[in-house]
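[1] Predicted coordinates and the sequence they were generated for:
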Amino acid sequence: MTERIPDSPLDTLRQYEIPEGVTLHLRVAGPVVRACAWAIDALIRTLIYLALTILLGYLGELGLGVMLIGLFLIEWFYPVVFELHNGATPGKRAMGILVIQENGTPVTPAASVIRNLLRSVDFLPFLYGIGLVAMLSNRSFQRLGDLTAGTLVVYRDQNIERMQPTTSTALKPPMDLSEEEQLVILNFAERRETLSEERRQELAELLSPQTGLQGGGAEQALYRYANWILKGR
Amino acid sequence: MKQQQFELENQSLWDEIESLIHDLQRKRQHRQLSKQQHLQFPHLYRKLCSHYALARSRGFSPALVDQLHTLVLRGHPLLYRFKGEWGWRTLQFIFSGFPRALRRQKTYFLIALLAFLLPGLLMGTACFLNDELIYSVMDESTVAQMEQNYDPANDRPGRSVERSSDTDFMMFGFYIMNNIGIGFRTFASGILFGIGSLFFLLFNGLVIGGVAGHLSRLGYHDTFWPFVSGHGSFELTAIVICGAAGLMLGHALLAPRQQTRLQALKTRALEALPLVMGAALMLLFAAFIEAFWSSSSVAIGTKYSVAAILWLVVVLYLVFMGRNDGSG
């Protein structure tokens, strides 16, 4: 079960404590990205149908029989095959999402079959009407199939490149910082390349009343504090 | 310990774990790993987890915590993944798992059977006595089509005149797609508080009963009954089983007992799944009989004998198969 943390912010992170005693954070995927993945899969399925039709057209009525079996298998088991192979259909893979169990392990065969059989109900009355309502009424964007199978659709983890600390020297901050405040400063230093220079200075100047520094000076001071926090505490 | 010292001491360990995770995630590299490396993984992974916990609790920088978390996240599914022996599991399922799973859900099966059989018998009797009643569940053209299919003048019973040249294999494909699809929908719609499954059971009971009654009234016994009696054994039983599985979902939502509704639904769905899979296999077999045996022009007596054997097989299979494995 994903636990519900009191006073947790409204976001798409789900937490799960694994047997090793640490907490996994899973980022669940919302309706829009999942609809895109579905559209890509629908396109791929159509192409498979077309290819089957052309190929089996030569075989006459035997070919028609094979094609009907193919239609049946693709309609019900296309997602199951891919989910059991690597957790995601080609569409989901392209959108960077995958299906897992609520406990963070790969989706099991039983769960994959259940969630894809119930797809026929989620699809009602048309184009995932019930599924959408279900997704919007729980915190983990689970459609009925996901709720029943105990599965989540989450973003594939990306390897984040860690930024190196700046080369500036360490400097003890002039005030006592709580652990949380220290984390904010570290976070600022590590995220600096994702922010524009103006924004960096604007953020750094929030501390001007304490440091008495403005502009680039305020920014550099924060990097030096960050280095001090990393090295000398 | 300072963050920098912590990183210096452990970076090589993290790199080692990362490359091991990388290899384990890929099939080809996975096979090349030595047994020793495989055995090492749980130990390394638990070390990684404790480092992640340390980094969090000591307030080390968010980027380091993120990096370790990503590794923990990637490693978790590798340690706790599912491994299956498909062939063996399937055989075991057919010869013991499925009938045993069904016998555990006897009550649901009986309720589903009643929901299918009662309207079927009532409608069948009514249609046998009344010429008009069939039109309350089917429209005129469908009734006309069906009458034509089983007209004794049609030499391929069960198929319309214009489709009589269709090969058996094409019909096999059609029965698979249509019948197993109906079975799956009968199960899935049970999540709508059981109403969907009940509807499919009642509706199929009414239509099948109605058709049987109507055609018997017209005197088409010798084309209709020999055709349907054989595959009907597996097909009708399987549809009832799918309905029973759907009722389990609905019951979990309506009466979750000591669990939350969601938890009850999850538990019940896992218990219902073997029923659906077993029923799908039965429908596959029924499609085979229907396409290649029911439509053949074998003598009526032979067809009825085979049908009797098939019904006996279904009953014996579901009631007795797998009873001796452990406590079944």
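    On my side now, so go ahead.
[2] In chain A, what residue lies closest to chain B?
    A:Leu68 (3.1 Å; CB to the nearest CB). (Glycine included, C-beta is placed from N, CA and C.)
[3] any idea what sits nearest the residue of the stretch 51-200 of chain B at minimum distance from chain A, other than its immediate chain neighbours?
    Using CB to the nearest CB, B:Gly173 is the residue of the stretch 51-200 of chain B that sits closest to chain A, at 3.1 Å. Spatially, and ignoring its direct neighbours in sequence, B:Gly173 is nearest to A:Leu68 (3.1 Å; CB to CB, 6 or more residues apart in numbering or on different chains).
[4] do you know how far the one you found is from B:Pro274?
    The gap separating A:Leu68 from B:Pro274 is 26 Å, by CB to CB, to the nearest Å.
[5] And the helices in chain A, which stretches?
    With DSSP state H as the criterion, chain A has helices at A:31-57, A:60-86, A:90-94, A:109-117, A:119-122, A:129-136, A:144-149, A:179-190, A:197-204, A:208-211, A:215-231.
[6] quick one on the thing from earlier: report the secondary structure element holding the residue of the stretch 51-200 of chain B closest to chain A.
    Element membership for B:Gly173 (DSSP states H and E) is helix B:168-175.
[7] does the next helix or strand after that helix come close to chain A?
    Going down the chain from helix B:168-175, the next helix or strand is helix B:181-188, by DSSP H and E. Yes. Residues of helix B:181-188 are located near chain A by CB under 8 Å from any CB of the partner chain, namely B:Gly181, B:Phe184, B:Arg185, B:Phe187, B:Ala188.
[8] Compile those into a markdown table and extend it with columns for pLDDT.
    Output for the residues of helix B:181-188 next to chain A, formatted as a markdown table (pLDDT from 0 to 100):
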| residue | pLDDT |
| --- | --- |
| B:Gly181 | 96 |
| B:Phe184 | 97 |
| B:Arg185 | 96 |
| B:Phe187 | 97 |
| B:Ala188 | 96 |
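[9] so how many other residues sit close to B:Glu16?
    B:Glu16 is flanked by 13 other residues according to other CB atoms under 10 Å in any protein chain shown.
[10] where does it land on pLDDT?
    On pLDDT, B:Glu16 comes in at 92.
[11] show me what contacts B:Met138?
    Counting by CB atoms under 8 Å, 6 or more residues apart in numbering or on different chains, B:Met138 touches B:Met146, B:Val207, B:Gly210, B:Val211.
[12] Oh, that last question was meant for A:Ala29, not what I typed.
    A:Ala29 touches A:Thr12, A:Met95, A:Ile97, A:Phe141, A:Val153, A:Val154, A:Tyr155, counting by CB under 8 Å, 6+ apart.
[13] try B:His221
    Residues near B:His221 by CB under 8 Å, 6+ apart: B:Leu215.
[14] From B:Ala212, how far off is it?
    Relative to B:Ala212, and taking CB to CB, B:His221 is found at 10 Å.
[15] repeat for B:Phe116
    13 Å.
[16] Among those two, which residue is more densely surrounded?
    Neighbours per residue, other CB under 10 Å: of B:Phe116 and B:Ala212, the larger number sits with B:Phe116, 27 against 20.
[17] The more buried one contacts B:Cys242, correct?
    No. If you go by CB atoms under 8 Å, B:Phe116 and B:Cys242 don't touch, sitting 10.5 Å apart.
[18] what's the closest non-adjacent residue to the spatially most central residue of chain A?
    Among the residues of chain A, the one closest to the centroid is A:Tyr155, at 2.1 Å (CA atoms, centre = their mean). Here the nearest residue to A:Tyr155 in space, its sequence neighbours aside, is A:Arg27; by CB to CB, 6+ apart that works out to 4.5 Å.
[19] burial count for that neighbour?
    Counted with other CB under 10 Å, residues neighbouring A:Arg27 total 15.
[20] just the one 4 residues further on next, same as before
    Using other CB under 10 Å, A:Pro31 has 15 other residues around it.
[21] which residues does it contact?
    Counting by CB under 8 Å, 6+ apart, A:Pro31 has contacts A:Leu132, A:Met135, A:Leu136, A:Phe141.
[22] of those residues, buried ones?
    For those, a burial check counting by 16 or more other CB atoms under 10 Å in any protein chain shown picks out A:Leu132, A:Met135, A:Phe141.
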